[in-house]
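Undergrad: Curious how this folds, go ahead:
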Amino acid sequence: MTEPVAGTAIFAEQVRHLYRLSRPAYIATLVNAAIVTGVLWGVVPKGLLLAWLTAMTVAICARYALYVAYLKAPRPPDEVRAWARRFIVGSGTTGLIWGLLAAALYPASSMPHQFFVIFVIGGMALSAMVILAPVRQAFLAYVLPLMALTTAAVFAQGGSLHLFMGVLLLVFTGVMLGASPVLSDVMRESVRVRFENSALVEQISQVNRDLSERVGTQQRVEEVLRQSEQRYRCLFEANPVPMWIRDEATLGLQAVNATALATYGYSREAFLRLKATDLLVPEEVERFLQDMRSRDPREGHTSQRRHRREDGSVMEVEIVSYPFELEGRASRMMLVHDITERNRAERLRNLETTVTVLLADAGSTEDATASFRGQFDLEPVCVHRC
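TA: Numbers count the residues shown, from 1 in each chain. Modelled structure (predicted):
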């Protein structure tokens, strides 16, 4: 019974992120649609262009009304999927309208305007891959009609150049469809870990509350301490996630589990002599202290830092911290996840996406080479024998 409830709660949080991320996209879509209308004015039939702009405006206004209704609604768990379906329908409608720009209003008489239309559509598809990542069905509903109609319109022009452009669009679509499940899984995993960590901290805090309430005879105190020690070892010491407890006032480290010691390479005695700032690379210290001053100490907090192990090697971590009380002192429970490999993989995917966009926007091999050099600030390299 626990797993379905947890699954519903995780999906509800994904839907909440979906609506929250979509807010800036409404304004951006209307601005882009207005720019497209201005650029294509006089190149394609004005009546069709105005009809397209009107349809886009109506669709975005309807989606924004849905967004406002979602914020105001109580949103019980049994209605989460209904809200998700409404959002997916809105995404699919917007993607279809963008696709109709290429299908019905493709500027066949002007090559620069063709490149402009493809550039705008490609940018909208890329941004949708990030904004709609919380629920992948929303991304598919948006991008499939968008890219299918655009690619078909390019192929329909005939000629070798449009053939290659169509192939590049297919490759670009394939890259997005391959990367989108990874982004969706990363976001879902992040939400899942957050729920698990919240439950873990609640259990640990409950243990401490029980200890404070169970005051009686010495025998009862010893029994409570014994039970508490068993729970502490299960929930803290034996946890596979690196964890430690930090004093809120002095930043000194009060307790640490074995996983954290293995991850950072310190002995327990050496680790507990450190302060939280000693684990940071020097350039992160000031930002950490600023965050300490600005955040609410009564709330949980998530941040990304660069930590230094005992051997001097650096790793990128995501830290989730929660208010905690240990031995009567205000403290914070820290849960650390090593995201070095995940960030490296994301940077590689971003590089692949950038190269694909540069190739799609280039009119020739020389243009692609020049764009690549300009994007990455590369000097020309001689590849022939001198």
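Undergrad: hey, what's residue 320 bridged with?
TA: Counting by DSSP bridges, residue 320 is bridged to residue 302, residue 335.
Undergrad: Start from the N-terminal end of this protein and give the helices.
TA: Defined through DSSP state H, the helices belonging to the chain, from first to last, are 2-40, 46-72, 80-105, 111-131, 136-156, 160-213, 218-232, 258-264, 268-272, 285-294, 340-361, 365-376.
Undergrad: Who are the packing partners of the third one?
TA: Here helix 80-105 is seen to pack against helix 2-40, helix 46-72, helix 111-131, helix 136-156 when contacts are counted using 3 or more C-beta pairs under 8 Å, 6 or more residues apart in numbering; DSSP states H and E. For glycine as for every other residue, the C-beta is placed from the backbone atoms N, C-alpha and C.
Undergrad: likewise the longest one?
TA: Helix 160-213 makes packing contacts with helix 2-40, helix 111-131, helix 136-156, helix 218-232, strand 314-326, strand 329-338, helix 340-361 when contacts are defined by 3+ C-beta pairs under 8 Å, 6+ apart.
Undergrad: quick one on the thing from earlier: let me know which of the helices of the chain is the nearest to residue 309.
TA: With respect to residue 309, and counting by C-beta to C-beta, the nearest of those is helix 258-264 at 5.1 Å.
Undergrad: So which bits of the closest one are buried?
TA: 259-261, 263-264 (16 or more other C-beta atoms under 10 Å).
Undergrad: now do stretch 241-261
TA: 241-248, 251-257, 259-261.
Undergrad: now the end-to-end length of that stretch.
TA: Taking C-alpha to C-alpha, to the nearest Å, stretch 241-261 runs 11 Å from one end to the other.
Undergrad: Need the contact partners of that stretch.
TA: Applying C-beta atoms under 8 Å, 6 or more residues apart in numbering, the external contacts of stretch 241-261 come out as 197, 236-240, 263-264, 267-268, 271-272, 274-277, 297, 321, 324, 326-327, 329-338.
Undergrad: For ChimeraX, write the select line for the buried members of the residues you listed.
TA: With 16+ other C-beta under 10 Å as the burial test, the buried ones among the contacts of stretch 241-261 are selected in ChimeraX as follows:
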select :197,236,239,263,264,271,274,276,321,324,326,331,332,333,334,335,336,337
